[in-house]
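[1] below is the sequence, then the predicted model.
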There are 2 protein chains.
Amino acid sequence: MTLAETAYDALRHDIVRGVLAPGKPLRMAQLSERYGMGFSPLREALNRLQAERLVTSIALRGFSVAPLSMAEMWDTINTRVLIEQRALRLAMAQGGDDWETGIVSALHSLTLQSTRAAEGGADEQKLLEDRHHGFHLALIAGCGSSWLLEFFQRLYAEAERYRYPMLQQRNVEHHRDIQAEHAALAKATLARDADMACDLLAEHYLRTARFIEAQMTAAPQVQSA
Amino acid sequence: MTLAETAYDALRHDIVRGVLAPGKPLRMAQLSERYGMGFSPLREALNRLQAERLVTSIALRGFSVAPLSMAEMWDTINTRVLIEQRALRLAMAQGGDDWETGIVSALHSLTLQSTRAAEGGADEQKLLEDRHHGFHLALIAGCGSSWLLEFFQRLYAEAERYRYPMLQQRNVEHHRDIQAEHAALAKATLARDADMACDLLAEHYLRTARFIEAQMTAAPQVQSA
DNA sequence: GCAAGTCATATTTTCGAAAATAATGAAATT
DNA sequence: AATTTCATTATTTTCGAAAATATGACTTGC
């Protein structure tokens, strides 16, 4: 892997997980020390991230982490539902054995990791996040549209930026059985009940969004600068 | 404007308009001479374009123009219809005076340029393309979703790659009154007839796609390199 | 006291060369 | 004859310094 790719992965991770706060200016000298490389690979990574809207830039004034806002969160969620509902319908219409198997196996490893992460540390939590991503990807992997899959990845990353502060608050009462939601979603999808699956998917995301909004309104960690 | 931005605009234009053929390898030394700058700004531009899928790259083997294929064209068109129908409905639900005025004025300048371009040269043709882009953007500008607008821009650029060979063939009989389609679309939109406008929009794009497919099947200019 | 200009410093942007890797082709081996 | 090995060349990738620009403190004039 080239240094530019390493920088891209590291920066993307640190932005999505909130290690680098929204709005924070990204100075070349700092980044160079932090990631142990020269300016060139860093600038390439930053340009890619800018195209993905995880980073903003102003000519001759450098880069900064893209800001967050409640309005943007709702736009992200709404667009996500649009994209994934379509992808889910396509996958249900076209998906074959490999697609079905992928869903079953992704749900299974998500469920396993879900119990493990309840007790475990940050590593187990991070693995749970990967499994969660894998499950939602598996649902639509059979859709056959590279555009829908790309947009899914973009919107998933953006949504994770909002969701991450929530994931760290263990003690908060969720009043949700998220694993049950995943299981029901997988069941409806495998039964090819398109309307049901789409409803469950939308509700799954909207619940999360409403919860985040409530938490943010109470103790705003998301700021536009 | 920085050199990197200049390189981005120039490369993007040359790829979208087919000046740089699909699949063509983009060698740094060539690009450096062609655009009159060093490697650094070029690499930044190429990384941005790679994130937009107009360029592909393999580590240590450089960049090349992203290939085209009929399957990708249909995916682009279908996704475009999904995105723009949603955006159009949102715009019709929320759009205010500025949005309406924007449509009227965009349609007007498109109509003017349409007659002018029929006789004029490449410059007039290029201006017509800009007006066409401006009209379709104006229709959905009031949607209030930055994600939908970004995806619109991405898909518009990709679709133009397929449409451009068609635009250069003057003598081909289209059997279409494209200006009438635009006028009807604007009329339905301004009347806030959402179902009608969405149908007209989809039909507008599908006609073009079918036409391109017919031409390509007859004399394939689109190849996966 | 305050605005406008000026200089020193900090930062981004770009270049040109060096380092690292891939591609090519000739010689050696099976 | 086909395959492998090795050196040569071509190309990408990265670095470190130079150029260009922004930032902030300081002075000057009002």
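    Done, it's in. Residues are numbered from 1 along each chain as shown, chains lettered A, B, ... in the order given.

[2] in three-state terms, label the residue lying closest to residue A:128 once chain neighbours are set aside for me.
    What sits nearest to residue A:128 in space, not counting adjacent residues and going by CB to CB, 6 or more residues apart in numbering or on different chains, is residue A:117, at 4.0 Å. (C-beta placed from N, C-alpha, C; glycine too.) Secondary structure, DSSP: H, G, I helix; E, B strand; the rest coil: residue A:117 is helix.

[3] ok, residue A:117 touching residue A:123?
    No: using CB atoms under 8 Å as the test, residue A:117 is too far from residue A:123 to be in contact (9.2 Å).

[4] who has more neighbours out of these two?
    Neighbours per residue (other CB atoms under 10 Å in any protein chain shown) separate residue A:117 from residue A:123, with residue A:117 holding more: 20 against 9.

[5] so which residue of chain A lies furthest out from the middle?
    residue A:60 (30.6 Å; CA atoms, centre = their mean).

[6] helix, strand, or coil at that residue?
    coil.

[7] where's it relative to residue A:44, distance?
    As judged by CB to CB, to the nearest Å, residue A:60 and residue A:44 stand 18 Å apart.

[8] how about the helices in chain A?
    Taking DSSP state H as the test, the helices found in chain A are A:3-16, A:28-35, A:39-51, A:70-94, A:97-119, A:122-140, A:146-168, A:178-190, A:194-218.

[9] would JSON lines of the ones you listed with mean pLDDT and distance to DNA strand D be doable?
    Listed next are those as JSON lines, based on pLDDT from 0 to 100; distance: least, CB to the nearest atom of the strand, whole Å:
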{"stretch": "helix A:3-16", "mean pLDDT": "98", "distance to DNA strand D": "3"}
{"stretch": "helix A:28-35", "mean pLDDT": "97", "distance to DNA strand D": "8"}
{"stretch": "helix A:39-51", "mean pLDDT": "98", "distance to DNA strand D": "4"}
{"stretch": "helix A:70-94", "mean pLDDT": "98", "distance to DNA strand D": "24"}
{"stretch": "helix A:97-119", "mean pLDDT": "95", "distance to DNA strand D": "31"}
{"stretch": "helix A:122-140", "mean pLDDT": "95", "distance to DNA strand D": "25"}
{"stretch": "helix A:146-168", "mean pLDDT": "94", "distance to DNA strand D": "21"}
{"stretch": "helix A:178-190", "mean pLDDT": "97", "distance to DNA strand D": "38"}
{"stretch": "helix A:194-218", "mean pLDDT": "94", "distance to DNA strand D": "29"}
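
[10] residues touching residue A:44, list them.
    Listed by CB atoms under 8 Å, 6 or more residues apart in numbering or on different chains, the contact set of residue A:44 reads A:4, A:7-8, B:43-44, B:47.

[11] residues in contact with the closest residue to residue A:160 other than its chain neighbours?
    Sequence neighbours aside, residue A:16 is the residue nearest to residue A:160 in space, at 5.1 Å (criterion: CB to CB, 6+ apart). Residues counted as contacts of residue A:16 (CB under 8 Å, 6+ apart) are A:54, A:157, A:160-161, A:164.

[12] how far away is residue A:16 from residue B:121?
    48 Å.

[13] same deal with residue A:64?
    44 Å.

[14] compare these two and say which is more crowded by neighbours.
    With neighbours defined as other CB under 10 Å, residue A:64 and residue B:121 compare such that residue A:64 has more, 20 against 8.

[15] the more buried one touches residue A:56, doesn't it?
    Yes: using CB under 8 Å, residue A:64 is in contact with residue A:56, at 5.7 Å.

[16] can I see the domain layout of chain A?
    Using automatic domain parsing, the domain parsing of chain A gives A:3-65, A:70-218.

[17] reformat these as CSV; add distance to residue B:83.
    Shown next, in CSV, are the domains of chain A (distance: least, CB to CB, whole Å):
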stretch, distance to residue B:83
domain A:3-65, 16
domain A:70-218, 8
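
[18] out of these, nearest to DNA strand C?
    Ranking the domains of chain A by proximity to DNA strand C (CB to the nearest atom of the strand) places domain A:3-65 first, at 3.1 Å.

[19] for the closest one, measure first residue to last.
    Chord length of domain A:3-65, first to last residue, is 20 Å (CA to CA, to the nearest Å).

[20] quick one: distance of it to the chain centre.
    18 Å (CA atoms, centre = their mean, to the nearest Å).

[21] what residues does chain A put near chain B?
    A:1-2, A:4-5, A:40, A:43-45, A:47-48, A:50-53, A:59-60, A:72, A:75-76, A:78-79, A:82-83, A:86, A:144-148, A:150-151, A:155 (CB under 8 Å from any CB of the partner chain).

[22] got the residues of chain A near DNA strand C?
    Residues of chain A found near DNA strand C (CB under 7 Å from any atom of the strand) are A:25-29, A:39-40, A:43, A:57, A:59-63.

[23] for residue A:112, state which of those residues is nearest.
    Minimum distance to residue A:112 across the residues of chain A next to DNA strand C is 37.1 Å, recorded for residue A:26 (CB to CB).

[24] just the residues contacting stretch A:112-127, thanks.
    A:128, A:131, A:167, A:178-179.

[25] switch the cut-off to 7 Å
    A:128, A:131, A:167, A:179 (CB atoms under 7 Å, 6 or more residues apart in numbering or on different chains).

[26] buried subset of those residues?
    A:128, A:131, A:167 (16 or more other CB atoms under 10 Å in any protein chain shown).

[27] dump those to JSON lines, plus distance to residue A:139.
    Output for the buried ones among the contacts of stretch A:112-127, formatted as JSON lines (distance: CB to CB, whole Å):
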{"residue": "A:128", "distance to residue A:139": "17"}
{"residue": "A:131", "distance to residue A:139": "13"}
{"residue": "A:167", "distance to residue A:139": "20"}
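
[28] for residue A:136, which non-adjacent residue is spatially closest?
    Residue A:136 sits nearest to residue A:156 (CB to CB, 6+ apart), 6.9 Å away.

[29] er, residue A:192 actually
    Excluding the flanking residues, the one nearest residue A:192 by CB to CB, 6+ apart is residue A:92, at 4.9 Å.

[30] list the contacts of that neighbour.
    Listed by CB under 7 Å, 6+ apart, the contact set of residue A:92 reads A:189, A:192, A:194, A:197.
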